[in-house]
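Enquirer: can you look at this prediction? I've put the sequence above it.
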Amino acid sequence: MAAPTGRVTGTPRRTAVAAAYGLTTLFSVGYAITWDPFRDRQCWSDCTDNAFLLAGNPAGARLIEEARLATVVAVGVFTLSAVTWQFATATAIARAVGWPIALPAALASTSEAVYAAARLGDRAEGPERDLFVGVFLARAACLTALAAGVIWFLWQRRRRRAAFVTLVDALGKLPGTGSLQATLSRLLGDPSLTVSYWLPRVERYVDRSGRQVHPRAEPGRALTSIVRDGVPLAIVAHERDVIDDRTLRLKIGSAALLAIDNERLSAELLAHLEDLRASQRRIITAADTARRSIERDLHDGAQQRLLVVLYELRLARADPAVHGEEAAALDRLIGAAQQSLVDLRELAHGIFPTILEESGLEAALWTLADQASTVIQIDAMPDRRLPAAIEQAAYLVVTETLATAPSAGLTVHASAPGDVLVLQLDGPQAAPTQYLLDRIGAADGTLTYHDGTLHAEVPCG
Amino acid sequence: MRIAVADDSMLTREGLVHLLTGQGHDVVGRADNAEDLMSIVDVSHPDAVVVDIRMPPTHTDEGLVAARRIRAAYPEIGVLILSQYVEPSYAMRLIEDRPEGVGYLLKDRVFDVAVLIDALRRIAEGETVVDPTIVARLFRRRRTADPLDTLSERATQVLGLVAEGMSNHAIAARLHITERTVESHITKTFLQLGLTDDPDSHKRVLAVLAYLRHHGTKLG
């Protein structure tokens, strides 16, 4: 039950093991002081003098012996079921490591239980009886197998540790990120093994690609810290049974520590990059939201009030008593108010027109085509709405490129096969601006320009 | 004329009501959202409704959706859509469904009482009304090898008025020319642009608008 780590875990198992040891002690001592070989008729195998005999009591000795046999049966059955259960619920890796001990242990406990049960049923044990000979041979075979299993297990573990030392030392020479995880995973035979690096500056764990992770001890798995000078470098999450953390800590040499340091630095760089990207996205989103809110304010506030002014002016102008100089002044005012409305509308149209939000990319591009001083040909459009940020990015690619389009115009071809928007603009005579590159980059997209054709791909996920 | 008015801006709504009652029209209901407008229409059955595109709750195209529902349930009720945007696609969405008796006007035009009354009269008679600003914008759209450039100034004018939804008679009155001259301009222009002159004036509006929207700009 303690295999393969040498520790017994769980209260029921600990209790069972302690009880078995305790009862065995009790029975042995009791039997030793009460059993008198000369008065035991069934004695055949060990009928020498009993040096511990204090008070010969055949009935008492017999009672103790029977209690012991019953306990052996109980412990045997318990051990069998515990080992079977442990084996059945273990991970594939733990099973592969543990079977040389678990299997003979289960058989041995069964054979012991059978032997004890046979003795309980029939006290007259003797080499001349087939039943007892068979049971004896089975017990011997099982115990031999158990011993072989333990030896095999220890030998395997020793071999693994030796390989571990060699490979961990070699790790210092291995280039490339992720080699620590790959190496540990390979030599411990645990494909689920992961290495997380501790970044003290931002106080979090990241994986080798810089993504934040939260290493947690899961059932059947263990976390082992790799520490240098009391400072954590990394944490290894692995199958609990493949290696114990003491070995892992001891065997990681200075060369490997250097490799870990390297990998950690590169993970930190990647994490930093990811942070930058996220902050870029947040800045852009905030700027867009602010712009849209300004547009709304202009629309719902200033524009409405100007409409009222216009309305009042028209009402005044419609008064039949107004004529001559007064009427001319009102007409001028009406004209000015109307022009202000037009100006305001153009201003409020902003970078992202409301129609983009309300009706989508195609409608917004048609509206753009109405206003633009360049010919915009729309070749193809996605037949569905895409996430707002993606539509904005695509719209921006077109508006930002308009200025560099030749008089022949700009041809827009957009499609959304799967989870990516593919936008192709034919006509631009210059490479995209840094602003546009930044915008598309922030959306994790790519923008390439080649020979009058701008090609953008933006993931929609 | 019995008219219902729906606009979530109180100033615009009351201004419209004031203008309409001042012109002797009967405002049978006023609403600040599409649902209330629908109940008014169900109960009072007006001759025409004036409705703002953007209304609560989302302030996007509630007015347009309400207009479609009214058009579907009561085809005889004229619908005049008001918008603060010059967005041809909104007007097209409305007109393409059912062009008879619908209109799309910019808000800064409706306080011109003559324009408002004229538009309401036309849609009540089953005509189509498209704001001249929108037509002008469609004309301004740049095209590759623009056939519109080859049109005479008068022919362009006539085509624009056709796009605004005007009848030959109204165009003749506006331009101070005879109806026969209007007809001959239309026949010639349509031939030049490759459009078929449909005697049904609604289909004619759609054909011209569609031409203006998409010719030389591909797609559609």
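Expert: Perfect, thanks for sending it. Numbering: from 1, shown residues only, chains lettered A, B, ... in the order given.

Enquirer: how about the residues of chain B near chain A?
Expert: Within chain B, the positions adjacent to chain A are B:9, B:11-12, B:15, B:18-19, B:60-61, B:84-90, B:107-108, B:111-113, B:137-138, B:140-144, B:213, B:216-219 by Cβ under 8 Å from any Cβ of the partner chain. All C-beta spots, glycine's among them, are computed from the backbone N, C-alpha and C.

Enquirer: which intervals of chain B have sub-threshold pLDDT?
Expert: Scanning chain B for pLDDT under 70 picks out B:201, B:216-220.

Enquirer: which strands or helices does the helix or strand that residue A:87 is a member of pack on?
Expert: In the assignment (DSSP states H and E), residue A:87 maps to helix A:58-89. With contacts defined as 3 or more Cβ pairs under 8 Å, 6 or more residues apart in numbering or on different chains; DSSP states H and E, the packing partners of helix A:58-89 are helix A:11-34, helix A:92-121.

Enquirer: please identify the most buried of those.
Expert: Highest mean neighbour count among those (mean count of other Cβ atoms under 10 Å in any protein chain shown): helix A:92-121, with a mean of 19.

Enquirer: on that earlier part again, list the buried residues of the helix holding residue A:87.
Expert: A:61-62, A:64-65, A:68-69, A:71-76, A:78-80, A:82-83, A:86-87 (16 or more other Cβ atoms under 10 Å in any protein chain shown).

Enquirer: grab the nearest non-local neighbour of residue 150.
Expert: Defaulting to chain A. residue A:101 (6.0 Å; Cβ to Cβ, 6 or more residues apart in numbering or on different chains).

Enquirer: not quite, go with chain B.
Expert: residue B:192 (6.9 Å).

Enquirer: so how far is the helix or strand hosting the one you found off the chain centroid?
Expert: Taking DSSP H and E as the criterion, residue B:192 maps to helix B:179-193. Put simply, helix B:179-193 sits 22 Å off its chain's centre (Cα atoms, centre = their mean, to the nearest Å).

Enquirer: in terms of secondary structure, what does that helix contact?
Expert: helix B:153-163, helix B:168-175.

Enquirer: want to throw those into TSV with mean neighbour count?
Expert: Formatted as TSV, the helices and strands packed on helix B:179-193 follow (neighbours: other Cβ atoms under 10 Å in any protein chain shown):
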stretch	mean neighbour count
helix B:153-163	20
helix B:168-175	16
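
Enquirer: could you dump these to CSV with distance to residue A:210?
Expert: Listed next are those as CSV, based on distance: least, Cβ to Cβ, whole Å:
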stretch, distance to residue A:210
helix B:153-163, 58
helix B:168-175, 69
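
Enquirer: nearest spatial neighbour of residue B:198, chain-adjacent residues omitted?
Expert: residue B:204 (5.0 Å).

Enquirer: for the one you found, give its distance to residue B:94.
Expert: As defined by Cβ to Cβ, to the nearest Å, residue B:204 lies at a distance of 17 Å from residue B:94.

Enquirer: got the domain boundaries for chain B?
Expert: Residue ranges for the domains of chain B, per automatic domain parsing: B:2-130, B:135-214.

Enquirer: for the helices and strands packed on helix A:58-89, give me CSV that also has mean pLDDT.
Expert: Shown next, in CSV, are the helices and strands packed on helix A:58-89 (pLDDT from 0 to 100):
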stretch, mean pLDDT
helix A:11-34, 84
helix A:92-121, 82
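
Enquirer: quick one: the helices in the stretch 351-461 of chain A, in order.
Expert: Taking DSSP state H, counting those that start in this stretch as the criterion, the stretch 351-461 of chain A carries its helices at A:354-359, A:361-371, A:388-402, A:434-442.

Enquirer: turn those helices into TSV, including mean pLDDT.
Expert: TSV is the format used below for the helices of the stretch 351-461 of chain A (pLDDT from 0 to 100):
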stretch	mean pLDDT
helix A:354-359	78
helix A:361-371	84
helix A:388-402	89
helix A:434-442	86
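
Enquirer: looking at these, which is buried most?
Expert: helix A:361-371 comes out most buried of the helices of the stretch 351-461 of chain A by mean count of other Cβ under 10 Å, with a mean of 23.

Enquirer: if we can go back for a sec, what sits against the residue nearest to residue B:150?
Expert: The neighbours of residue B:192, taking Cβ atoms under 8 Å, 6 or more residues apart in numbering or on different chains as the test, are B:147, B:150, B:151.

Enquirer: chain A versus the first one, what's the distance?
Expert: Put plainly, it is residue B:147. 13 Å (Cβ to the nearest Cβ, to the nearest Å).

Enquirer: that residue contacts residue B:195, doesn't it?
Expert: No. Contact status for residue B:147 versus residue B:195: not in contact, 10.6 Å apart, counting by Cβ atoms under 8 Å.

Enquirer: neighbour count for those two, which is higher?
Expert: residue B:195 (18 against 14; other Cβ atoms under 10 Å in any protein chain shown).

Enquirer: tell me who's in contact with the residue nearest to the more buried one when sequence neighbours are not counted.
Expert: Residue nearest to residue B:195 in three dimensions, not counting chain neighbours: residue B:207, with 5.2 Å by Cβ to Cβ, 6+ apart. Taking Cβ under 8 Å, 6+ apart, we find residue B:207 in contact with B:195, B:196, B:198.

Enquirer: please repeat the previous calculation with a cut-off of 10 Å.
Expert: Residues in contact with residue B:207 (Cβ atoms under 10 Å, 6 or more residues apart in numbering or on different chains) are B:162, B:163, B:190, B:193, B:195, B:196, B:197, B:198, B:200.

Enquirer: again, but for residue A:273
Expert: residue A:210 are the contacts of residue A:273 under Cβ under 10 Å, 6+ apart.

Enquirer: doesn't it belong to a helix?
Expert: Yes. Residue A:273: assigned to a helix according to DSSP: H, G, I helix; E, B strand; the rest coil.

Enquirer: wait, which of the helices and strands packed on helix B:179-193 is closest to residue A:322?
Expert: Proximity to residue A:322 (Cβ to Cβ) singles out helix B:168-175 among the helices and strands packed on helix B:179-193, at 26.2 Å.

Enquirer: got the contact list for that closest one?
Expert: Contacts for helix B:168-175 (Cβ under 10 Å, 6+ apart): B:118, B:122, B:127, B:154, B:157-162, B:164, B:166-167, B:177-183, B:185-186, B:201, B:204.
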